[in-house]
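Novice: Sequence first, then the predicted structure:
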Amino acid sequence: MTRFITHIQAAALAALVIAAVAQPGTAQAAAAATIGIVDADRLLADSLAAKGVRLEREKYANSYQAQVKDMETKLRTEDQELSQQRGVLAPDVFQQRATAFQQKLADFQGQVKEKQDRLDYSFQQAMQEIGNTIVTISGEVAKAQGITTVIARNQVVYADPSLDITAPILERINQRLPSVKFQDPATLQVQGAPGAPGAPGAAAPAAKAPPAPAKK
């Protein structure tokens, strides 16, 4: 059965949180740098906007999954009926119907992949907006606390807990960006087809096909 993925690839967005807010560089400034640590994974898990985005993605994924399951059932039934007709149809007629079924199956797989690609892209667009806000607010909190450099927690081996500024950043994110618009994947406007080379968004996993069509 085809599965629409619902997890967050937090590692990719976590890299966005590395923000330097140091003054024009000198050796003395570098030596006196004050560091702040941000737990991007926590921000992406606990912020109101990120939670809302995950819920929206799950809603679309569940809807698509139901549609796919229904179509898979119909294709299996059609495949079984075609197999039963093999012995009673003229060879050329059977070949024609088998070819038509194969095309229908290929079209179905393409539609599933397009839905996955579009859902992935809508999700990535929404999370990108949250990531950009994380970067902006990290800089604001850093400046307010006299911090010159902000680093994502997953980029350091150890950091004193007193350096962590995640909590005030999370508070500001929830105030400034309590929700993010999740674009309807079906009407999403993108440059180029989703999943195509050079198009926005990562390629989605290939759909798992229903049983193979009847042998010709």
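Specialist: Structure's in. What do you need?

Novice: next SSE after whichever strand or helix holds Gln96?
Specialist: Gln96 is located in helix 91-144, with elements delineated by DSSP states H and E. Where DSSP H and E defines the elements, the next helix or strand beyond helix 91-144 is strand 149-152.

Novice: CA atoms only: put that next one into PDB for me.
Specialist: Taking only C-alpha atoms (Å, rounded to 0.1, in the frame of the first residue of the first chain), the coordinates of strand 149-152 have been written out as PDB:
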ATOM      1  CA  THR A 149      27.000  34.300  17.600                       C
ATOM      2  CA  VAL A 150      24.100  31.800  17.500                       C
ATOM      3  CA  ILE A 151      24.700  28.100  16.800                       C
ATOM      4  CA  ALA A 152      22.300  25.200  16.300                       C
END
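
Novice: Ala183 falls within a helix, correct?
Specialist: No Ala there; residue 183 is Gln. No. Assignment of Gln183 by DSSP: H, G, I helix; E, B strand; the rest coil gives coil, placing it outside any helix.

Novice: ok, now which ones touch the closest residue to it other than its chain neighbours?
Specialist: If the residues on either side of it in the chain are set aside, Gln183 comes closest to Ser122, at 4.7 Å by CB to CB, 6 or more residues apart in numbering. The way it works is simple: take the backbone N, C-alpha and C, and place the C-beta from them, glycine included. Ser122 makes contact with 57, 60, 182-185, 188, according to CB atoms under 8 Å, 6 or more residues apart in numbering.

Novice: Go through those residues and name the one nearest Ala90.
Specialist: Ala90 lies nearest to Pro185 out of the contacts of Ser122, by CB to CB, at 43.5 Å.

Novice: Could you check how far that closest one is from Gln103?
Specialist: 25 Å (CB to CB, to the nearest Å).

Novice: Comparing those two, which residue is more hemmed in?
Specialist: Neighbour count, other CB atoms under 10 Å: between Pro185 and Gln103, Pro185 has more, with 22 against 11.

Novice: What sits closest to that one if chain neighbours are left out?
Specialist: On the basis of CB to CB, 6+ apart, the spatially nearest residue to Pro185 that is not a chain neighbour turns out to be Arg118, at 3.7 Å.

Novice: you'd agree Gly87 is in a strand?
Specialist: No. Assessed with three-state DSSP, Gly87 is coil; it does not lie in a strand.

Novice: Spit out the contact partners of it.
Specialist: With contacts taken as CB under 8 Å, 6+ apart, Gly87 has no neighbouring residues.
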